[in-house]
Each structure stands twice: as structure tokens, then as C-alpha cells.
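Colleague: Predicted coordinates and the sequence they were generated for:
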Amino acid sequence: MGRADTLPSVIQGGMGVAVSHWRLARTVSKAGGLGVVSGVGPDLLIARVLQDGDPGGDARRVLADYPDQEFVTRTLDRYFRPDGLPDGTPYRPIPKLDLHQKPDAVRLTALGAYFQVALAKEGHDGPIGINLLEKVQIWTPAALLGAMIAGVDAVLVGAGVPSHLPRLLDRLSRLESVTLPIDVAGASSESTHEITLDPTEAVPGLAPSLPRPAFLAIVSAHVLAAYLARSDDTRPDGFVIEGPVAGGHNAPPRRPALDETGQVAYGPRDVVDLTKVAATGLPYWLAGGYGTPEQYVAAREQGAAGVQVGTVFALSAESGMRTELRDSMLRSLADRTLDVRTDGRASPTGFPFKVVQHAETVANPVVVGQRERICDLGYLRTPFEREDGSVGYRCPSEPVDAFVKKGGDVDETEGRLCLCNGLLSTAGHAQRRPASGGLTEEPPLLTLGQDLDGARDLQARYPDGWSAADVVAWLTGHLART
Ligand SMILES: Cc1cc2nc3c(=O)[nH]c(=O)nc-3n(C[C@H](O)[C@H](O)[C@H](O)COP(=O)(O)O)c2cc1C
């Protein structure tokens, strides 16, 4: 029996930054699904939650069981503000992770991932997963370590080719040192760039081994599934097969094209051949427009182990989106004006990204025009090699001059949005900065999938809103209430 064979048939997809935080994942898991916390920006989130006063004491409660109490004490001293930050005070910056894995930056990342998973797992026996993006590789080993210390049951990785993950998880579970090669733009063939993490050095006081979670690769092409399944070194325990209507980032189409409305267009070559996925012998879950009971049944009839669903959870009561933003999307859903576009320019990763067209967000060019272009979080920066062989970092969403000075192509900057600050604002942790004439607060950025059928059905059933537990029961045909 494979590691993924016992995972539930409903997976609540990982949704960064903090849309799928521990409360949502815990609710889903208690209802019988696989609750998945987002592993994006765990270092920043724990620092900001503590600066917000850790209402309810949840973070401090689970941190009390973390093996490295010396680092917990230092973190609380540095970030915890019992009454939150005074109005208008900016959040403190945190040490940034880069190719030189600074010990405190590694420790904060591990602690942040531990915090999310430990809280999601608290008080029940259901499984919890963590979602990571191959595009933000530099955080991967430290975030995995923290999640594994908390006993994470599954790791789900997309946005790239996560071929190193199986061995990484094997080694981390035995507390062996891990090395991860890092993609560096313009690197000469002689140079190798990698990061190394020694678990026992990063987190003193660990138990002799950590449970090895199941690994699901999130892919959008059967060719990639077959490639990963071919070798023992790269074979995951299962797949999430994600189609182009899914929320968040999407894989680029095989043949780049835009439709008549300027959105990224997908064609027949983007349709996944499920018989080829099934031929790998590994279980798979279907994602992207599978958020209705009918689609759930259809997926199972096609041989899938189940479905991974995002949009209807992002709109649920336990969503990590700011309440007023979620409610305003629910109102637009009700009056049929909710519009989600597949934007080929918005994400600095260059991947298509689903953007909700909402006037108070950076989807509105007026809001973008009022925002100072700034890159102060840097999760989507990519490393590049300079002529002298040293490594720099750049992001097409940073100030244009800075990007071009680092050798970036000016055309790359057009239409790019700051996903880091936008998504953090959506999750209620917006950066505030002093500005001429007062304070500015980072505006939000909203993403959802384009198939809204499930959300509309749920709205008809639950006009005052629904819980993530309602979603699991509804999808699987076991309604909690009627
Ligand atoms: C708000 C939101 C944020 C998302 N963020 C991520 C993410 O950080 N990582 C990821 O792998 N998928 C992300 N997704 C995709 C979901 O995990 C899931 O695969 C997808 O939403 C399924 O399609 P559906 O929206 O049609 O249900 C996101 C989706 C939404 C709606």
C-alpha cells in the first residue's frame, strides 16, 4: 500500500498566502478531508501574527512544544507585541532567506511552518498537508523541516518540476543533511548553486527521526507525471492533476496564445490524458473546476482517488481572506458580476495567474497607479548570476530601474503586480508605510478559480455563507445539515 492510498478523497488545495491557514485546514480535516496549510511565507506570517498580538494565544501555545525553546524565546522577544502594533506602525522586517541560508532565517521559516501545521493538527486525528511552490525553492528545506517536526501527513508541491522532493523528504525524516540545487538565471555551465540544510544544526533538540509524509506532485501534463514516476528518485506518492480553470497560478499553455479578451487561452493540447496518468499506477486527485458533487462523482468514475478543490473553500467562513473582501466577492457572486481573468502578465513568475476583477485591489489600474512600486518581501525574486560569478536577486515586479540595472529586460516588468504584498494584504497582514500626506497600506490582490458553479450552488443552499465542513459534506454526499 502506498503512502498516499489512505489520504481522503477531498483535498482542500493549498492557498497562499494564508488563505488556507491552520483554521481552514483544521476544519476540513475534522470534517474528513485533507486540510492543507499554505507553506508560502511561513517566516513572515509567524512574525506578523506575533506582532498583531497573537489573539487567543494560539501561536504561543503551540510554540511552547517546539524543540528549540531558545529560538522560540528569541522570536517572542523580537516580534511579540501583546497589544498589537500601534496604529500605523509598519511591521518589522525579518531576515530574508537566500542562497546563503542564514541560520536565523532558516530557523524562522521552520518555526513558521511548524506553527501552521501544529495548530492545524491540534485536537483531532485527521491528516494535514502543507503546500509549497517549486518556484520558491529557497524556503523548501526549512519549511519542510518545520512541517515535519509538527508531524505533517502530506506535502503537495506545484509550480514547477518537483523532482528532488522524494529524496529530500527521505533524508529529512532521517535527520540527514540535505542539498537542493537552485535554478539561477544566466548561470554558467561550470557553476553549481545549491542550498544545504543540516536538520540537527537548524533545530537543536529533535527526536531521532521524523515521520516521512506522503508527497503529491501537482502537475498539469501527463508527460510530467510520467517523467516523475519513471525513477525511484523522483517518483511521488501520487499526483494532483490541475487544469487551467483552477485558482491561483496556472501552468502556461503548451501553445502560448491570448483569446479575444486578452486572457491566456488554453487549447486541446492542454487536456491531460488521464489514462497515461493512471498508467503510472499512482493515485491521483483532479483539480480545477471539480468543486461540485457531480464533478466529485465524475472524477471518481474516471479513476481518480478524489478531487482537490480551492475556490469554494476560499469563499468559506474559515477562509484566511479578509472578511470584507470575501463578503464583497460573495455579493458579486450573487449578482453574477464576479469576474475572474486569466492574466498572463500579473505574476512575476511569468505563469498565468487568476485575478479577481475587484475595484479596491491591484486588479484596478487606478489602485496600481497609486501604489509605490516596491519589493520588500522578495519571495518571488529569482537568483541570477552576475558576470563576476556572484549571485544577485531580481523580480520583474520591483521598481523598473532596479530590475533593468540587474540585467532584467524592461519588457518583463510590464503589467507585473506585487503578489507578495498584495496577497499578504488579502490575508489581513498588509504592510503600512509612512508616506507624504500620511500612511499608505498595501492594497490587496484576489484570486479565485474561474469555475464558479460550486460556489453558486453553495450560495443557493447557504445564503448566509458556508463552512468548510459544509463543503466536504456536500461534495461527498454526506450533508451535515440540509
Ligand atoms: C485563493 C487561492 C489561492 C491559491 N493558492 C495556491 C497556492 O499557493 N499553491 C497552489 O499549489 N495552489 C494554489 N491555488 C490552487 C488550489 O490549491 C486548487 O488547486 C485550485 O483552486 C482548484 O481549483 P478550483 O479553484 O476550481 O477549485 C490557489 C487557489 C485559490 C482559489
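Modeller: Cool, got the structure. Residues are numbered from 1 along each chain as shown.

Colleague: Backbone dihedrals for the closest residue to Glu70 other than its chain neighbours, please?
Modeller: Counting by Cβ to Cβ, 6 or more residues apart in numbering, Glu70 lies nearest to Pro204, which is 7.6 Å off, once chain neighbours are set aside. The C-beta positions use only the backbone N, C-alpha and C, and glycine is treated the same way. Here is the backbone geometry of Pro204 (degrees, to the nearest 10): phi -60, psi 150.

Colleague: next one: Leu333
Modeller: phi -60, psi -40.

Colleague: quick one: contacts for it?
Modeller: The neighbourhood of Leu333, defined by Cβ atoms under 8 Å, 6 or more residues apart in numbering, consists of 315, 452, 455-456, 459.

Colleague: Look up how far the ligand lies from it.
Modeller: 13 Å (Cβ to the nearest ligand atom, to the nearest Å).

Colleague: got a pLDDT number for that residue?
Modeller: Here the pLDDT value assigned to Leu333 is 98.

Colleague: Distance of it relative to His429?
Modeller: 25 Å (Cβ to Cβ, to the nearest Å).

Colleague: swap in Ala299?
Modeller: In terms of Cβ to Cβ, Ala299 sits 34 Å off from His429.

Colleague: Same question for Val106.
Modeller: Note on Val106: its distance to His429, by Cβ to Cβ, is 22 Å.

Colleague: What parts of this protein come near the ligand?
Modeller: The chain comes close to the ligand at residues 13-16, 19, 38, 40, 131, 133, 158, 218, 242, 245-248, 287-289, 291, 308-311, 314, 447-449, 451, as judged by Cβ under 6 Å from any ligand atom.

Colleague: And the buried ones among the residues you listed, selectable in ChimeraX?
Modeller: Only the buried entries of the residues of the chain next to the ligand go into this ChimeraX selection, using 16 or more other Cβ atoms under 10 Å:
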select :13,14,15,16,19,38,40,131,133,158,218,242,245,246,247,248,287,288,289,291,308,309,310,311,314,447,448,449,451
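
Colleague: List the ones among the residues of the chain next to the ligand that fall in helices.
Modeller: 311, 314 (DSSP state H).

Colleague: For the longest helix anywhere in the chain, name the packing helices and strands.
Modeller: Looking across the chain with DSSP H, the single longest helix is helix 103-121. Packing partners of helix 103-121 (3 or more Cβ pairs under 8 Å, 6 or more residues apart in numbering; DSSP states H and E): helix 22-30, strand 35-38, helix 42-51, helix 58-63, helix 69-79, strand 128-133, helix 140-149, helix 199-202.

Colleague: What angle do helix 103-121 and the longest one make with each other?
Modeller: Going back to what we said before, that points to helix 69-79. In terms of direction (axes from the mean of the first three to the mean of the last three Cα atoms, to 10 degrees), helix 69-79 departs from helix 103-121 by 100 degrees.

Colleague: List of residues touching helix 69-79?
Modeller: 46-47, 50-51, 60, 63-64, 66, 92, 107-108, 111, 203-205.

Colleague: What's the local residue count around Glu441?
Modeller: 14 (other Cβ atoms under 10 Å).

Colleague: so what's it bridging to?
Modeller: For Glu441, the beta-bridge partners under DSSP bridges are Arg432.

Colleague: quick one: pLDDT of it?
Modeller: pLDDT, read off for Glu441, is 92.

Colleague: Could you do Val161 as well?
Modeller: In this model, Val161 is scored at 85, pLDDT.

Colleague: Equivalent analysis for Arg432, please.
Modeller: 89.

Colleague: how near is it to the ligand?
Modeller: On the measure of Cβ to the nearest ligand atom, Arg432 and the ligand end up 23 Å apart.

Colleague: again, but for Arg78
Modeller: Arg78 is 27 Å from the ligand, by Cβ to the nearest ligand atom.

Colleague: which residues of the stretch 251-400 of the chain fall in helices?
Modeller: Secondary structure of the stretch 251-400 of the chain (DSSP state H, counting those that start in this stretch): helices at 274-278, 293-301, 311-314, 323-334, 365-370, 400-405.

Colleague: Export the ones you listed as CSV, with columns for distance to Arg26.
Modeller: CSV is the format used below for these (distance: least, Cβ to Cβ, whole Å):
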stretch, distance to Arg26
helix 274-278, 30
helix 293-301, 22
helix 311-314, 12
helix 323-334, 18
helix 365-370, 33
helix 400-405, 40
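
Colleague: Buried deepest among the ones you listed, which one?
Modeller: Comparing those by mean neighbour count (mean count of other Cβ atoms under 10 Å), helix 311-314 ranks first with a mean of 28.

Colleague: and that helix, average pLDDT?
Modeller: For helix 311-314, mean pLDDT rounds to 98.

Colleague: Residue of the stretch 51-200 of the chain nearest the ligand, please.
Modeller: When distances are taken as Cβ to the nearest ligand atom, the stretch 51-200 of the chain reaches nearest to the ligand at Gly158, 4.1 Å away.

Colleague: my guess is that residue contacts Phe215, does it?
Modeller: No - using Cβ atoms under 8 Å, Gly158 is not in contact with Phe215, being 11.8 Å away.

Colleague: tally of neighbours for the closest residue in space to Val355 that isn't next to it in sequence?
Modeller: Leaving out its chain neighbours, the residue that sits closest to Val355 by Cβ to Cβ, 6+ apart is Asp343, at 4.6 Å. Neighbourhood size, Asp343 [other Cβ under 10 Å]: 20.

Colleague: so Asp343 bridges to which residues?
Modeller: The partner residues for Asp343, given DSSP bridges, come to Phe353.

Colleague: In terms of pLDDT, where does it sit?
Modeller: As predicted, Asp343 sits at a pLDDT of 98.
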